[in-house]
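Enquirer: prediction below, plus the sequence it came from.
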Amino acid sequence: MNHSFDALIIGAGQAGPSLAGRLTAAGWTVGLVERKNFGGTCVNTGCTPTKAMIASAKAAHTLRQAANYGLGPVPEFTVNLAQVKARKDSIVASSRAGLEKWLQQMPNCTVFRGTARFLSPTTMQVGDEVLEAKHIFLNVGGRPASPPLPGISEVPYLTSTTLLALEELPTHLVIVGAGAVGLEFAQMFRRLGSEVTIVERSRRLLPHDDEDVSAAVADILAAEGITLRLGAECISLGQEEGQPVVHVSCEDDPSPSRGSHLLLAMGRQPNTDDLALEKAGLQADARGYLPVDEELRTAVPGIWALGDCNGRGAFTHTAYNDFEIVAANLLDQGQRRLSDRLPAWAVYLDPPYAKVGLTEAEVRAAGTPALMGKRPMTKVGRAVEKGETQGFMKVLVHAETDQILGASIVGTGGDEAIHCIITAMYAQQTAAFMRRNVFIHPTVSELIPTVFGELKPLDTTVKPAADK
Ligand SMILES: Cc1cc2nc3c(=O)[nH]c(=O)nc-3n(C[C@H](O)[C@H](O)[C@H](O)COP(=O)(O)OP(=O)(O)OC[C@H]3O[C@@H](n4cnc5c(N)ncnc54)[C@H](O)[C@@H]3O)c2cc1C
Ligand SMILES: NC(=O)c1ccc[n+]([C@@H]2O[C@H](COP(=O)([O-])OP(=O)(O)OC[C@H]3O[C@@H](n4cnc5c(N)ncnc54)[C@H](O)[C@@H]3O)[C@@H](O)[C@H]2O)c1
């Protein structure tokens with residue numbers, strides 16, 4: 001059967017549903033196609049389930065720390081992973097159901113279930129249905145990558161998706177990859193009671209971030225008993241007595257990491273390979289991403305790519321911002337552009353790591369005349385009061401214009417406190433502006449004006465070491 005719409009939206013992730021809401025409210029007819037779970041990765045297998053389980057892990061950690069706060073003795077407790085999962089599943093189900101209901105009841109929106117594939121630049125097939133529209137918005141997201149590690153086909157392994165379905169705690173979880181997925185699951189499962197080993201080919205965690213960030217994060221994880229095997233340049237997989245083994249050396253490996261479970265957390269790949277892109281005249285790049293311009297338009301007129309599938313962001317906030325740019329430019333005569341967006345993200349460790357703008361290494365590499373302010377969390381009153389003094393706050397400022405270049409916070413409350421710096425940077429404000437702010441006592445943010453008051457020249461002749 002053939003259907004004609006003003007717009008087709010493929011994927012109900014973080015951009016598609018909101019775009020459907022805006023377009024239909026503006027009088028467009030929309031066909032929205034989703035093949036699996038409404039809400040996509042973030043709601044079903046990403047942000048929501050992991051942060052729900054991180055909350056359970058934090059509760060277990062707090063119980064174990066009770067004596068440090070003058071409490072106790074705390075009765076023996078057990079972690080019941082099936083119940084942790086049930087709590088997480090109920091939070092996910094409620095979010096997914098709310099989104100599905102909204103879309104199913106949205107006037108002018110018709111929801112199709114199935115995989116959409118191009119037949120031409122303006123038509124797509126979903127099962128027996130042929131859908132046609134002059135505007136097509138791809139919001140197809142991604143999935144865990146399966147890199148060609150030697151031995152991968154012989155070893156059962158978990159991904160960030162399948163790990164969330166476990167009901168029994170791994171005795172020893174070995175994680176390959178120390179990006180956000182690897183780090184968040186490492187601390188979560190360690191706190192829930194597993195032994196955890198991280199194997200990473202770079203010589204430090206979070207290699208795209210500053211050395212001091214990597215060191216602080218490594219300290220946080222090591223202090224909880226997580227084993228770090230960094231600089232593992234030659235990773236291969238095997239099995240001994242039915243259990244996974246990760247070798248970290250190209251030579252005979254005298255000390256491979258053995259575990260009860262193996263998680264591969266080595267990045268994601270975009271869901272562009274089964275769209276029949278060639279029928280639309282579209283071509284993905286070498287890694288499968290769809291190249292887009294500043295307004296998220298692909299090379300084919302009438303086709304946009306939003307969210308993770310365009311390779312211009314890898315987060316929920318970037319996917320949502322893609323929707324805002326497209327909607328503003330199509331419906332509000334806006335002139336919003338991708339490059340207006342500040343790079344910002346957080347890793348939900350405890351304490352978290354949050355970052356906006358340039359790193360110290362990037363400022364040094366560019367040779368920008370700069371000032372830097374840095375304060376350890378041991379000198380942040382609220383952190384001391386909470387007994388959570390790991391990490392630091394660091395800000396970078398242009399030495400001539402006083403404009404804020406970037407900031408990193410590894411520390412309690414850092415994922416929230418960073419937003420005052422994000423806001424100031426978006427408003428193109430200066431260090432002097434930050435110093436004049438009066439923040440509420442006693443908070444972590446309260447010390448941010450102080451850090452902007454303690455700036456020292458950054459020696460940009462010292463270049464960062466090359467990291468892989
Ligand atoms: C474990 C984990 C934790 C994360 N935590 C965070 C976090 O804390 N903060 C953060 O900002 N980001 C986080 N992310 C990243 C975040 O989840 C993604 O960046 C975000 O979901 C991308 O949204 P999207 O709309 O681009 O794609 P997705 O959310 O992946 O949605 C794409 C949708 O398209 C559907 N689809 C694909 N192909 C087709 C087709 N051909 N036809 C029909 N439907 C199709 C899929 O089924 C899916 O529902 C996390 C990711 C993971 C894996
Ligand atoms: N808090 C958050 O915002 C959050 C949380 C989880 C995931 N995410 C997003 O999900 C995506 C996936 O996260 P991820 O941690 O899987 O990916 P990643 O790209 O951040 O990290 C992958 C890690 O695997 C290592 N690696 C990759 N290929 C390898 C190889 N062949 N051999 C050895 N090591 C290899 C890399 O060195 C890297 O440390 C990212 O885009 C991330 O931004 C975000």
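Expert: Sure thing, it's come through. Model, not experiment: these values are computed from the prediction. Ligands and ions are numbered 1, 2, ... in the order given.

Enquirer: tell me the buried residues in the longest helix seen in the chain?
Expert: Scanning the chain for the longest helix, with DSSP state H as the assignment, gives helix 81-104. Within helix 81-104, the residues that count as buried by 16 or more other C-beta atoms under 10 Å are 81, 84-85, 88, 91-92, 95-96, 99-100, 103. All C-beta atoms are positioned from the backbone trio N, CA, C, and that covers glycine.

Enquirer: next one: it, is it in contact with ligand 1?
Expert: No - shown here: helix 81-104 not in contact with ligand 1 (C-beta under 6 Å from any ligand atom), separated by at least 9.9 Å.

Enquirer: show me what that helix is in contact with.
Expert: Contact with helix 81-104 is made by 12, 17, 20-21, 32, 37-39, 43-44, 48-49, 52-53, 56, 109, 111, 164-169, 192, as judged by C-beta atoms under 8 Å, 6 or more residues apart in numbering.

Enquirer: for His398, the count of nearby residues, please.
Expert: His398 is flanked by 16 other residues according to other C-beta atoms under 10 Å.

Enquirer: which bits of the stretch 251-400 of the chain sit near ligand 2?
Expert: Residues of the stretch 251-400 of the chain lying near ligand 2 (C-beta under 6 Å from any ligand atom): 265-268, 314-315, 345-348.

Enquirer: buried members of these into ChimeraX, please.
Expert: Applying 16+ other C-beta under 10 Å to these leaves a buried subset, and the ChimeraX line that selects it is:
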select :265,266,268,315,345,346,347,348
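
Enquirer: sorry, back to before: so for the longest helix of the chain, what's the average pLDDT?
Expert: For helix 81-104, mean pLDDT rounds to 98.

Enquirer: got the angle between whatever helix or strand comes next after that helix and helix 81-104?
Expert: For helix 81-104, the following helix or strand on the C-terminal side (DSSP states H and E) is strand 109-113. For strand 109-113 against helix 81-104, the angle by axes from the mean of the first three to the mean of the last three C-alpha atoms, to 10 degrees is 140 degrees.

Enquirer: need the residue closest to the centroid of this protein.
Expert: What sits nearest the mean C-alpha location of the chain, by C-alpha atoms, centre = their mean, is Phe315, with 4.8 Å.

Enquirer: pop out the phi and psi values for that one.
Expert: Main-chain dihedrals, Phe315, degrees, to the nearest 10: phi -140, psi 160.

Enquirer: is it true that it touches Pro343?
Expert: No - under the criterion of C-beta atoms under 8 Å, Phe315 makes no contact with Pro343, lying 9.7 Å away.

Enquirer: next up, the contacts around the single nearest residue of the chain relative to ligand 2.
Expert: Scanning the chain for proximity to ligand 2 using C-beta to the nearest ligand atom identifies Gly179 as nearest, at 2.1 Å. By C-beta under 8 Å, 6+ apart, the contact set of Gly179 is 206, 265-267.

Enquirer: repeat for Val213
Expert: 206, 353, 355, 359, 408, 410.

Enquirer: what about the second one, how many residues close to it?
Expert: So the one you mean is Tyr353. 27.

Enquirer: tell me how far it lies from ligand 1.
Expert: Separation of Tyr353 from ligand 1 (C-beta to the nearest ligand atom, to the nearest Å): 12 Å.

Enquirer: excluding chain neighbours, what is closest to Ala280?
Expert: Phe118 (4.1 Å; C-beta to C-beta, 6 or more residues apart in numbering).

Enquirer: quick revisit: quick one: which of the contacts of Gly179 is nearest Tyr426?
Expert: Nearest to Tyr426 among these: Leu206, at 23.9 Å, using C-beta to C-beta.

Enquirer: surely that closest one and Val217 touch.
Expert: Yes - judged on C-beta under 8 Å, Leu206 makes contact with Val217 at a distance of 6.1 Å.

Enquirer: one step back: ok, and the most crowded of the contacts of Val213?
Expert: Going by other C-beta under 10 Å, Val410 tops the contacts of Val213 with 30 neighbours.
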